[in-house]
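Student: below are the sequence and a predicted model for it; my questions follow.
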Amino acid sequence: MGHSKFWGRFVVVVMACGLLTPAMGFDQPLINLGFTSFVDGGPPSGPGHYFQQYIQYITASSLPNFPAPPSRSADVEIWGSLSQYVYQSDQPVLLGGKWGIDVIQPMGSIDSTDPAGNVTDNGSAFGDLLIGPYLQWDPIMGDDGPVFMHRIELQTVWPTGDYDRTRGLNIASNHFSFNPYWAATYFVTPKWTATCRLHWLWNDKNDDPYTGGASPATDYTQAGQVFHMNFASSYEVQPKKLRVGVNGYYMKQITDSKKDGVSQDGREQVLGIGPGALVSLSGDTHLFFNAYFESNVRYRGDGSRYTFRLVHHFN
């Protein structure tokens with residue numbers, strides 16, 4: 001499990017980590033773009049305590065669709081880190097679903113270079129805390145093993161991170177967000193899986209908005225609602241040791257962002273696809289490697305990202 005994004009203000013870049021992902025646009029918070037991938041519909045080692053560490057490297061340069069944004073000439077590099085604790089119980093509470101809790105602390109480092117001098121960042125800092133209760137259902141079994149498994153989580157993002165209203169690129173968003181999701185994995189064959197994670201994101205108001213730009217908000221900003229998803233398909237090359245496949249994400253903003261109550265142009269969109277691998281060192285320790293190359297980008301930074309993920313299960 002994981003989640004994911006970092007935030008720019010109005011026409012700048014953001015960082016994304018799952019729960020995090022960089023973006024360029026209107027105050028969108030952490031969202032999971034590419035942090036989770038293969039066999040995401042269930043925990044890899046059953047009930048118990050999990051620690052997961054995510055590292056994501058992101059590059060972004062151009063800003064498609066903005067006629068003359070002050071950051072068009074800027075290059076941005078982001079290192080994002082997510083430290084995640086997950087507890088998966090063995091106690092069913094609703095329709096057979098077993099309860100669990102997910103807690104994520106992000107942090108990141110933003111390095112922006114803008115010859116025009118219009119893009120500023122707050123460097124290295126802690127991001128906003130993510131907390132999500134969830135229900136995990138046991139796998140539906142077939143003659144040759146699991147066929148389908150899934151989970152629902154009510155993920156929340158709390159404004160606890162380092163935020164500077166004078167900086168265009170921030171690690172934290174300074175507003176509450178609600179980002180529930182449904183994750184599922186289908187076993188096409190015992191070795192071949194297809195996975196998806198579907199999110200809906202709602203953002204509260206930021207009542208201490210960015211003070212820069214040509215016409216800064218005087219009261220508040222509010223990022224629009226977003227649909228985003230991760231998807232992946234993998235094949236088991238070595239039994240219980242190695243999976244390889246293709247992974248991707250898609251994000252589309254579905255309502256306008258607002259500044260002082262007025263709707264703004266610039267709904268974000270991005271598609272990222274690339275290769276990936278899952279290496280299992282043991283039944284309790286797993287490593288994920290994923291790369292993503294973006295296309296169909298609107299009102300965001302256009303670039304690529306690379307994810308490393310360590311999962312360890314404590315009995």
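Tutor: Cool, got the structure. Numbers count the residues shown, from 1 in each chain.

Student: make it CA atoms for all contacts and neighbour counts henceforth
Tutor: Will do.

Student: list the buried residues for the longest strand along the chain?
Tutor: In the chain, with assignment by DSSP state E, the single longest strand is strand 75-94. Neighbour counts using 16 or more other Cα atoms under 10 Å place 75-89 of strand 75-94 among the buried residues.

Student: try stretch 277-289
Tutor: Going by neighbour count (16+ other Cα under 10 Å), the buried part of stretch 277-289 is 277-280, 285-289.

Student: and for stretch 222-233?
Tutor: 222-233.

Student: over to stretch 133-140?
Tutor: Quick answer for stretch 133-140 (16+ other Cα under 10 Å): 133-139.

Student: what mean pLDDT does it have?
Tutor: Here stretch 133-140 scores 97 as its mean pLDDT.

Student: contacts for that stretch next, please.
Tutor: 42, 88, 94, 96-102, 146-155 (Cα atoms under 8 Å, 6 or more residues apart in numbering).

Student: try it again at 7 Å.
Tutor: 42, 96-102, 146-155 (Cα atoms under 7 Å, 6 or more residues apart in numbering).

Student: repeat for stretch 51-58
Tutor: 17, 77-86, 304-313.

Student: Gly142: neighbour count?
Tutor: Residues near Gly142, counting by other Cα atoms under 10 Å, number 11.

Student: out of the buried residues of strand 75-94, which comes closest to Tyr210?
Tutor: Each of these was scored against Tyr210 by Cα to Cα, and Val76 proved nearest at 18.6 Å.

Student: give me the beta-bridge partners of the closest one?
Tutor: Ala60, Ser112 (DSSP bridges).

Student: would you check how far apart it and Gln269 are?
Tutor: Distance, Val76 to Gln269, by Cα to Cα, to the nearest Å: 18 Å.

Student: what does Met107 give?
Tutor: Counting by Cα to Cα, the gap from Met107 to Gln269 is 24 Å.

Student: rewinding a little: so which elements touch the longest strand of the chain?
Tutor: Judged by 3 or more Cα pairs under 7 Å, 6 or more residues apart in numbering; DSSP states H and E, the packing partners of strand 75-94 are strand 48-62, strand 97-113.

Student: Leu169 is nearest to which of the ones you listed?
Tutor: Of the helices and strands packed on strand 75-94, nearest to Leu169 by Cα to Cα is strand 97-113, at 7.6 Å.

Student: still on that earlier bit, among the buried residues of strand 75-94, which two are most distant?
Tutor: Those two in these that are separated most widely, counting by Cα to Cα, are Asp75 and Ser89, at 44.2 Å.

Student: so who does Ser177 touch?
Tutor: Contacts of Ser177 (Cα under 7 Å, 6+ apart): 156-158, 202-204.

Student: measure the residue lying closest to it once chain neighbours are set aside to Gln225 for me?
Tutor: Among residues not flanking Ser177 along the chain, Asn203 sits closest, at 4.5 Å (Cα to Cα, 6 or more residues apart in numbering). Asn203 sits 7 Å away from Gln225, taking Cα to Cα as the criterion.

Student: same question for Met107.
Tutor: Using Cα to Cα, we find Met107 at a distance of 24 Å from Gln225.

Student: show the end-to-end separation of stretch 209-217, please.
Tutor: Per Cα to Cα, stretch 209-217 runs 6 Å from first to last residue.

Student: partners of the helix or strand hosting Tyr306 in the sheet?
Tutor: In the assignment (DSSP states H and E), Tyr306 maps to strand 302-314. The pairing partners recorded for strand 302-314 under DSSP bridges are strand 48-62 (antiparallel), strand 285-298 (antiparallel).
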